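Undergrad: Let's see this in three dimensions:
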Amino acid sequence: MMIAIVGCTKPPTTITGPADTKVVAVDPWPILAATIRRQSDVGTIRQGLNQFAADASANAADVSIPNLPATALQSLVDRFRPSDTDRREIESKAFTSLDPNYIAECMYFRDVVRSLDVGGLPLDKQASIGFAWVCRNVYLQQWLLGQTQEGIVYAPPVPPSYVLRRGYGTGFERTYVFLALLQQMGFDAGFIGVTGREEAPETAIVDNKIAKGPFWAVGVLVGKDVLLFDPWRGEPLPGPGGKGIGTLAQVKANLDQLKPWIEDKSKPWDVKLEDVKTSTVYLSAPFSALSMRMKLLEEKCQADIGVALDTDLDSVASRFAVSLGTPPSYWGPPVKTSTHCYTRVLASFLPAEEGGNDRATGSMQLYLRLTKIEPIPLAVYVPPAELTAKEATTRLQLYFGGWFVEKFVDPAPREKIQRGQFGEAIKILVERELQSSMARERIRVNAQSEPLIREWCQTANETYNTLSRARLSTNRLADLPLAEAKVEEFWKSRPAAIQAITDTSIASVGLAESAYLLAVCKHEQAERSQVRYQKASLAGAEKMQQRALTLAQDSWNVANDAWQRYDAHSAVFAKAMPERKAHIQQLKQRAATLAADPNSDK
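TA: Numbering: from 1, shown residues only. Here you go, the predicted structure:
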């Protein structure tokens, strides 16, 4: 039997079987591509991959994925020392349970790149715009998991798309996000660190604080130059005379080029100059990106979904070698040293039911904590002052948390903004703003709210005191069920009071979060207008340039106005989120500066 393998856009082939039986072989590649193009969430992609496997099996179509060549596999083993689990991810000829997550993450960043729309600008400018986007969308803050007798427990790095959804991260997590973005932008890139860091873990704890770790910059290959970006500082390294972007060759040859940073007392640069001298490029890639199935999927469906899934490390290394004059190094420490390095961070973060390797349960599971608990700003929740029953307070916090997740986490307006889906994000946020305003209005016009809440709190305190006594009662088996039933009856019997309490807690928080995200959205729209102005300036057409300048200035005025409107609500989060407050100040300053003159963008 002869079977033709066809691409995504070609029609199905006909396979002639024995006894003149004709079997139509359905090519599953275009079906899979259409599924991913239509909806790029993990669940839909998983369904598409399952359907792909079923179609391939049922129709006997030859969609076999070739083996990874033995020499290529050995190179990967030598470079990254994969565990048995890692190797299965690399070598599998069938799509794995982790693949939907990896593909969805790539699609996330593909959408970001399309929104940035930097095509036509010089490559160094494209990389710089991408880096600035990362720093705008990931403000610097460490994720603290708790505290033990040994000290503070810091979370390890999480996958790039989850850093974006969270909205903050460490400088090292910014490197992950930037590398994932550069993959979709078509740049070769790597970590910059001192030679000999191959075994270094992804984070280091120094004096009970999370330190910079094994690397100090990201290097982006543009022509024969390796441009340097510092995710911790949030700036490209300075070029000669403080102009342009510094390259690895430049700073190694002339450390004085870094003098502006070294002498900056307000923002000290904590990299040792001897480390700069002995630094090189470290290449890395998600293990999924090194598999033959991702290579084939990208080849078959590139025209349909336009996403970069495969990483050809040999080719990347060859291009870097031309610039460096020597082969680059590789970073992928063994799992016993580093569970959340770039090669395996997605698998290590996700639980088994999501296709990952994390076997933790309950609140110890990072995925659950990041997606369901961490987004809730409990620090700004204020329970009624008269309420002393801790269990009742906890239950109200759960109501508040459920409301916040429903309104601001799923569906996530932040993700829509990052993907460039500004219209959808604005629609959601305006609705959330209206709902919060209505809650505030209900509080204002209802004169009975305060006495109603006071009476509810008094009854709650008495009801939970009865429950506490029942737990200690000598007749516990008889008293406790009755007390528990009274508690449930209490919560069901006073909907008006609970509504008043809920309105009090959500009104200010909802208005503040809506205003913040609307300002972020307007700011990102202004950044896009700024890019269009830069393109028009390069084109040289005076009328086009003037029109783009006007649109950019108008957009920055809108963004500046949105930040001013947020000021009216900013006190809600100011004390609870000081890092976000500082980040907002930087964005506000940029918006105000460019609203005055878009040409002041450096």
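Undergrad: I figured Ala127 was touching Val220, is that so?
TA: Yes - taking contacts as Cβ atoms under 8 Å, Ala127 lies within contact range of Val220: 4.7 Å. Just so you know, the C-beta spots here come from the backbone N, C-alpha and C atoms, and that holds for glycine as well.
Undergrad: any common contacting residues for these two?
TA: Both Ala127 and Val220 are contacted by 182, 187, 227, 229, under the criterion Cβ atoms under 8 Å, 6 or more residues apart in numbering.
Undergrad: from these, which ones fall inside strands?
TA: Among the shared contacts of Ala127 and Val220, the residues falling in strands (DSSP state E) are 227, 229.
Undergrad: Can I get the shared contacts of Ala127 and Val220 in TSV including neighbour count?
TA: Below are the shared contacts of Ala127 and Val220 laid out as TSV (neighbours: other Cβ atoms under 10 Å):
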residue	neighbour count
Leu182	25
Phe187	19
Leu227	27
Phe229	28
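Undergrad: Tell me which residues are up against the helix or strand where Arg444 lies.
TA: Element membership for Arg444, per DSSP states H and E: helix 422-445. With Cβ under 8 Å, 6+ apart as the test, helix 422-445 has contacts from 407-408, 411, 413, 416-417, 449, 499-500, 502-504, 506-511, 513-515, 517-518, 521, 524-525.
Undergrad: just stretch 229-243 next, same as before
TA: By Cβ under 8 Å, 6+ apart, the list of residues contacting stretch 229-243 reads 127-128, 131, 134-135, 140, 171-172, 174-175, 178, 212, 216-220, 227-228, 245-247, 250-251, 254, 257-258, 260-261, 267, 269.
Undergrad: Kindly recompute the last result at 7 Å.
TA: Residues external to stretch 229-243 that are found in contact with it (Cβ atoms under 7 Å, 6 or more residues apart in numbering): 128, 131, 135, 171, 174-175, 178, 212, 217-218, 220, 227-228, 245-246, 250-251, 257-258, 260-261, 267, 269.
Undergrad: Dump stretch 302-309 to CSV, keeping only the CA atoms.
TA: Only the C-alpha atoms of stretch 302-309 are listed here, as CSV (Å, rounded to 0.1, in the frame of the first residue of the first chain):
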residue,chain,number,x,y,z
GLN,A,302,3.1,26.9,9.9
ALA,A,303,1.1,28.4,7.1
ASP,A,304,-2.1,28.0,9.1
ILE,A,305,-1.1,28.9,12.6
GLY,A,306,2.2,30.8,12.2
VAL,A,307,3.8,29.7,15.5
ALA,A,308,7.3,28.7,16.3
LEU,A,309,7.3,25.4,18.1
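Undergrad: got the buried residues for stretch 495-509?
TA: For stretch 495-509, a neighbour-count test (16 or more other Cβ atoms under 10 Å) marks 497-498, 500-509 as buried.
Undergrad: Which one of those residues is nearest to Gln365?
TA: Ranked by distance to Gln365 (Cβ to Cβ), these are led by Val509 at 26.1 Å.
Undergrad: Break this structure into its domains for me.
TA: Listed by automatic domain parsing, the domain ranges of the chain are 13-58, 121-287+312-371, 378-600.
Undergrad: Can you give me the end-to-end span of the second one?
TA: As for domain 121-287+312-371, its first-to-last residue distance stands at 36 Å under the measure Cα to Cα, to the nearest Å.
Undergrad: The stretch 351-500 of the chain: helices as residue ranges?
TA: 366-368, 390-404, 413-418, 422-445, 449-472, 476-493, 495-539 (DSSP state H, counting those that start in this stretch).
Undergrad: comparing those helices, which gets the lowest mean pLDDT score?
TA: Mean pLDDT is lowest for helix 476-493 out of those, coming in at a mean of 91.
Undergrad: what angle separates that helix from helix 495-539?
TA: Taking axes from the mean of the first three to the mean of the last three Cα atoms, to 10 degrees, one finds helix 476-493 and helix 495-539 inclined to each other by 60 degrees.
Undergrad: Nearest to the middle of this protein, which residue? Look it up for me.
TA: In the chain, the centroid-proximal residue (Cα atoms, centre = their mean) is Leu164; its distance is 2.2 Å.
Undergrad: Hmm, that one is touching Val177, no?
TA: Yes - the pair Leu164 / Val177 is scored as a contact, 6.3 Å apart, by Cβ atoms under 7 Å.
Undergrad: anything in contact with each of these two?
TA: Val138.
Undergrad: Flag every buried residue along stretch 296-315.
TA: For stretch 296-315, a neighbour-count test (16+ other Cβ under 10 Å) marks 296-298, 300-302, 304-305, 307-311, 313 as buried.
Undergrad: Just name the shakiest helix or strand of this structure by mean pLDDT.
TA: Averaged element by element with mean pLDDT, DSSP states H and E, the chain has its least confident helix or strand at strand 13-16 (a mean of 32).
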